[in-house]
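Peer 1: just to be clear, the model below is a prediction. Sequence and coordinates:
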Amino acid sequence: MNRTPGRPLRADAERSVRAILAAAERVLAEHPGATVEQIAEAAGVTRTTVHRRFASRQALIDALATEAAAKLAEAIEDGHPETAPPLVALHRATANVLRVKAAWGFALGPAAAGSEPAARIHQEVARRCVELLGRIQEQGVIAADADLEWVRRVYYALIGEVLHGQPAIAGAGRTTTAETATDPDPDALAALIVDTVLHGVGPRAAG
């Protein structure tokens, strides 16, 4: 982004950047090869304005990826993973993550994976996830000999599968198929993910 390090953007410039990033997510999610001109039009600004804020199309995509990664980190933080009861924290963070990933599908996808700042944020999110799983392991809910990095990868895979099957879970309207016409519920989906990670799909002991 074309800005002086350490100097905050003016309010109007900040609004312009937010509008451009929001438009970029919408446009690129539909058309990954969209041009800067198409993004500018969707944002209601000129191409020159976009280039004033971002040196290149790739710089715009990198900024978009970093913005989305930051939203993901905020979603985890909102679950209070270090202080809340660990199962409560996992459920809340999962529901939050589903909402963020649904809203930032392009920016959190492989096409925007080249941003180094975003990669650092994702690494920190993964570290905090393993730490939270460790808290759950200490409670005996996860086997003592379980590989927590593998558990994290399974957890991530389940989130990805939920999003693949339910692409409009967060304020994006009603999802309708031949089988169902209901609004997906991130909290219900989070409960399903957490239950599957922690208990699998085998028969439950009577009890």
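Peer 2: On my side now, so go ahead.

Peer 1: quick one: low-confidence parts of this structure?
Peer 2: Counting by pLDDT under 70, the chain has low-confidence residues at 1-10, 165-183, 205-207.

Peer 1: domain map for the protein?
Peer 2: By the record's domain assignment, the chain is partitioned as 1-55, 63-199 (automatic domain parsing).

Peer 1: including mean neighbour count, could those go into a markdown table?
Peer 2: C-beta coordinates here come from the backbone N, C-alpha and C atoms, glycine included. As requested, the domains of the chain are exported to a markdown table (neighbours: other CB atoms under 10 Å):
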| stretch | mean neighbour count |
| --- | --- |
| domain 1-55 | 15 |
| domain 63-199 | 16 |
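
Peer 1: would you point out which residue is most central in the chain?
Peer 2: Closest to where the C-alpha atoms of the chain average out (CA atoms, centre = their mean) is residue 101, at 3.4 Å.

Peer 1: what's the first helix or strand after the helix or strand containing residue 22?
Peer 2: For residue 22, the host element (DSSP states H and E) is helix 11-30. Remark: after helix 11-30, the chain's next helix or strand is helix 36-43, criterion DSSP H and E.

Peer 1: need the contact partners of that next one.
Peer 2: Applying CB atoms under 8 Å, 6 or more residues apart in numbering, the contact partners of helix 36-43 are 19-20, 22-24, 26-28, 31, 46-47, 49-51, 57, 60.

Peer 1: same thing but 10 Å
Peer 2: Contact with helix 36-43 is made by 16-28, 30-31, 34-35, 45-51, 54, 56-57, 60-61, 64, as judged by CB atoms under 10 Å, 6 or more residues apart in numbering.

Peer 1: do the same with stretch 47-57
Peer 2: Contact partners of stretch 47-57, identified using CB under 10 Å, 6+ apart, comprise 1-3, 9, 13, 16-17, 19-21, 23-24, 28, 34-41, 43, 45-46, 59-64.

Peer 1: about what we covered before: the residue nearest to the centre of the chain in helix, strand or coil?
Peer 2: helix (DSSP: H, G, I helix; E, B strand; the rest coil).

Peer 1: and it, what is it in contact with?
Peer 2: 68, 71-72, 75, 107-109, 159-160, 162-163, 169-170.

Peer 1: so which of those residues are in helices?
Peer 2: In helices, defined here by DSSP state H, the members of the contacts of residue 101 are 68, 71, 72, 75, 159, 160, 162, 163.

Peer 1: export the residues you listed as JSON lines, with columns for distance to residue 194.
Peer 2: Listed next are the ones in helices among the contacts of residue 101 as JSON lines, based on distance: CB to CB, whole Å:
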{"residue": "68", "distance to residue 194": "23"}
{"residue": "71", "distance to residue 194": "21"}
{"residue": "72", "distance to residue 194": "17"}
{"residue": "75", "distance to residue 194": "15"}
{"residue": "159", "distance to residue 194": "10"}
{"residue": "160", "distance to residue 194": "15"}
{"residue": "162", "distance to residue 194": "11"}
{"residue": "163", "distance to residue 194": "15"}
